[in-house]
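1. pasting a predicted model and its sequence here:
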Amino acid sequence: MRVKLATILCVAIILCGCGNASDSLKDGMELRRQILESSGCSFHSTITADYGEKIYVFEMDCKTDKEGTLQFTVTSPDTIAGITGKISNEGGAITFDDKVLAFQTIADGQLTPVTAPWMLMKTLRSGYIRDSAKTDVGFEISVDDSYEEDALRLNVLVKNGMPAEGEIFWQGRRILTVAVDDFAFL
């Protein structure tokens, strides 16, 4: 009798735990659906790149189109404000007027900090959602940018149904963070 009761109790606990993950996973899939069905998105982002010895912080106004191409304008710091660019699956281009936006590459030379907002949106659009969990302020989803063995992993905090923060990890180390403000569907 005790074994039966213990088994039923264990199954009930497991099912209750799965319910929360399932709800937040559904919420993550709903966010993806909204992104894919919209004409695009606009948002302000604050990117932090941590190179161990130095930390770089800059801000950009971003806008994506239906295909996921991201256009950005750097708004801070003043020394590089006004630099614009465009990033898509095919590559990126930066436009500047006597200003140089130079950062080290990270993740084996595959990712630079200016691509962080694009990587966030690309991963929300098509990445492999590994897991999800409810938080005090919304939910968090953990998403791989691909199915590759050494994929970038993004942990995305979602508040009020909109992305609020993304942490980009590579080889178990956080390399970039992206704070998102004023997210809106177009």
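-> Noted; the coordinates are in hand.
2. all strands for this structure, in order.
-> Counting by DSSP state E, the chain has strands at residues 40-50, 55-65, 70-76, 84-88, 91-95, 128-134, 139-144, 153-159, 162-170, 173-185.
3. mind listing what's buried along the first one?
-> Using 16 or more other Cβ atoms under 10 Å as the test for burial, strand 40-50 gives 40, 41, 43, 45, 46, 47, 48, 49, 50. Heads up, the C-betas are built off the backbone N, CA and C, glycines and all.
4. what bridges to the last one?
-> The one in question is residue 50. Counting by DSSP bridges, residue 50 forms beta bridges with residue 55.
5. any idea how far it lies from residue 30?
-> 31 Å (Cβ to Cβ, to the nearest Å).
6. equivalent analysis for the second one, please.
-> Plainly put, residue 41 is 15 Å away from residue 30 if you go by Cβ to Cβ.
7. switch the strands of the chain over to TSV; also include mean pLDDT and distance to residue 115.
-> Listed next are the strands of the chain as TSV, based on pLDDT from 0 to 100; distance: least, Cβ to Cβ, whole Å:
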stretch	mean pLDDT	distance to residue 115
strand 40-50	95	9
strand 55-65	95	11
strand 70-76	95	9
strand 84-88	89	6
strand 91-95	74	7
strand 128-134	92	19
strand 139-144	95	16
strand 153-159	96	12
strand 162-170	95	10
strand 173-185	95	9
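8. columns distance to residue 24 on top of those strands, output as a markdown table?
-> Below are the strands of the chain laid out as a markdown table (distance: least, Cβ to Cβ, whole Å):
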| stretch | distance to residue 24 |
| --- | --- |
| strand 40-50 | 21 |
| strand 55-65 | 24 |
| strand 70-76 | 26 |
| strand 84-88 | 28 |
| strand 91-95 | 32 |
| strand 128-134 | 4 |
| strand 139-144 | 4 |
| strand 153-159 | 9 |
| strand 162-170 | 14 |
| strand 173-185 | 18 |
